[in-house]
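Visitor: Coordinates for the following, if possible.
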Amino acid sequence: MPTHRYGDRLSWGDTVFLYLEREGMPLHIGSALLFEGVISVDALCGYMDSKLPLIPRYLQRVVAPPFNIGLPTWEYDPNFDLRNHVREVTVNRGTHAEFKAVAGKIFSQMMDRQRPLWDLTLVRGLQGSRTGLIFRIHHCLADGIAGVGIMNVIMDANPAAPCLPKKKGKLRAPPPRDPLATVLEGLLSSYSNIVERLLTTQTDMLTIAERVAAGGRQWPSGELARLLPEITAPTQPLRFNVTCRGPQKVAWARIPLADVKAIREKYGASVNDVLLALVTSTIRRYVEMHKDPVKKQLLRIMVPVNVRGNGKADDLGNRISLLPFTIPLDIRNPRNLLLAVHERTEFLKRAHIAEVVSLAGGLIGVIATPLQALAGPVASQLPIAPFNMVCTNVPGPQLPLYLLGHKMVSWYPYVPVGGEMAMNCAMLSYDGTIYLGFSGDVHAAPDLRRLEGLMQLSFAELRDAARTRPQRQKRTRPKIETVVKPAPAPVGTVPLAIPLRAVGPPPPPPPATNKDQILASVSA
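Guide: Residues are numbered from 1 along each chain as shown. As a prediction, this is how the structure comes out:
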């Protein structure tokens, strides 16, 4: 077991999630997993105990400095007990709806900051002899990319059950530090961090300006003048843009990854473009279902962007920037909607908006940490909605994963709600399927489950629009065969009749659709 090293501090970006968190608005990410077979809590504890040396951060808690002077530090929990992080619940009916209800209840609860900020909850009694697993990890510890990396460490690609070690490692926790030394170290680290940010800001601004200018020369004529007003326009609140109070509900959907890739190739877009188009169409249907207008309404989505330069998903902490993706909500044609999404995402990339947002966000770190700690809970309740919702897309492994020899058959992600973004969406691809997890405050979106059918309807519409249809043959006048009078038949014979007939292709069969069944499930 590695020993603690002093000076291992959270970044300012990780610390923001601690400052903004409040009762009714927990800021952890998570997943709801479903496995074949029955998994016992004792077996899971023994398995996790063997994996913890690979992720020592799971043994550490967040310790704030006195008076919040400086950034918090990671320190080993001297009273660490695995049973505080691995729990189990048993459901009565074992239905999919009951599993979602349990997940929503767990995701609504805040974590104990006196302990390492993660936990696992086994859900037993599910139908089909299956076991659910609710996984939570605080956003200060990892973002979505890092969360998937951690799951790759915990899970196995081998279906054979692993052999667990018999000996348990012992934690060598260091003695507590002197409070005065902690305060002085916090002051020095805070000062050096501010100076470093100020010195690098000018260089970053010049670099971004050069990249924006280089990309601007490639923009089509009039594109900047047409799309820039959308980005700079104030966010137009939708019915679910209200202050989060809790508790939360979750809704889940799944679509085949192969179909999404086929749509991408058909229109020359990206997988993320297709998913953003599906979410936009789903939100439009949800708004219209409540009789709210969509004409001239803009939808602004916060799209997290991974900025890990080394591409390592196991790099803990938050290494993300944000894209302010804005799209008109009244585009009904699925093809036109996808092309509009692709056009706007490409514009944001060429304009290096994610780098500009990252630079602007970095300046928040210049503010003194005591002021950040005081302002965080207040800021999370202000009636300000910079975005309508968050939509994050995380690529996962495209092969089956196993836990103690049990195959994982589904992996629904969870992203927290916060501020006035009371309904968000997380998407994760795993083993050939894209899993979508909608999270929503029960007061803002009491009928969150309707998004499941609306998403399936939007997907069926876009998939049908992208299918290659047979080309219609040109209509021509039917050719009439010439009737040739036969020679007179011999006496006593019957003349041969040559009928008139039209020569042409048969009409194509009508296309099949299943939208009626989807609409029936949505309105139920």
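Visitor: pLDDT below threshold where in the stretch 301-450 of the chain?
Guide: Residue ranges of the stretch 301-450 of the chain with pLDDT under 70: 307-321, 352, 354-384.
Visitor: Quick one: the helices in it, in order.
Guide: With DSSP state H, counting those that start in this stretch as the criterion, the stretch 301-450 of the chain has helices at 334-350, 353-362, 369-379, 450-466.
Visitor: Please name the nearest non-neighbouring residue to residue 155.
Guide: residue 401 (3.9 Å; Cβ to Cβ, 6 or more residues apart in numbering). Where you see a C-beta, it was placed from the backbone N, CA and C, and this is true even at glycine.
Visitor: show me what contacts the one you found?
Guide: Residue 401 makes contact with 151, 152, 155, 156, 157, 407, 408, 430, 431, according to Cβ atoms under 8 Å, 6 or more residues apart in numbering.
Visitor: Would you show me how to pick out the buried ones of those residues in ChimeraX?
Guide: A single ChimeraX command selects the buried members of the contacts of residue 401 (16 or more other Cβ atoms under 10 Å):
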select :151,155,156,408,430,431
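Visitor: want to try JSON lines for the contacts of residue 401, with distance to residue 228 as columns?
Guide: Shown next, in JSON lines, are these (distance: Cβ to Cβ, whole Å):
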{"residue": "151", "distance to residue 228": "39"}
{"residue": "152", "distance to residue 228": "40"}
{"residue": "155", "distance to residue 228": "44"}
{"residue": "156", "distance to residue 228": "49"}
{"residue": "157", "distance to residue 228": "46"}
{"residue": "407", "distance to residue 228": "49"}
{"residue": "408", "distance to residue 228": "44"}
{"residue": "430", "distance to residue 228": "37"}
{"residue": "431", "distance to residue 228": "41"}
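Visitor: closest to residue 70 among the contacts of residue 401?
Guide: Distance to residue 70 across the contacts of residue 401 (Cβ to Cβ) is lowest for residue 151, with 31.9 Å.
Visitor: Isn't that closest one up against residue 135?
Guide: Yes. The criterion here is Cβ atoms under 8 Å, and residue 151 meets it with residue 135 at 7.4 Å.
Visitor: what do the two both touch?
Guide: Shared contacts of residue 151 and residue 135, defined by Cβ under 8 Å, 6+ apart, are found at residue 31.
Visitor: residues contacting residue 465?
Guide: So residue 465 contacts 333, 334, 335 (Cβ under 8 Å, 6+ apart).
Visitor: if we can go back for a sec, and of the contacts of residue 401, the nearest to residue 343?
Guide: residue 430 (29.4 Å).
Visitor: how much space is there between that closest one and residue 413?
Guide: 9 Å (Cβ to Cβ, to the nearest Å).
Visitor: Over to residue 91?
Guide: Counting by Cβ to Cβ, the gap from residue 91 to residue 413 is 21 Å.
Visitor: And those two? Which one has more around it.
Guide: residue 413 (26 against 16; other Cβ atoms under 10 Å).
Visitor: If the more buried one is in a bridge, with which residues?
Guide: residue 31 (DSSP bridges).
Visitor: same deal with the one 5 residues further on?
Guide: Partner residues in beta bridges with residue 418: residue 421, with DSSP bridges as the criterion.
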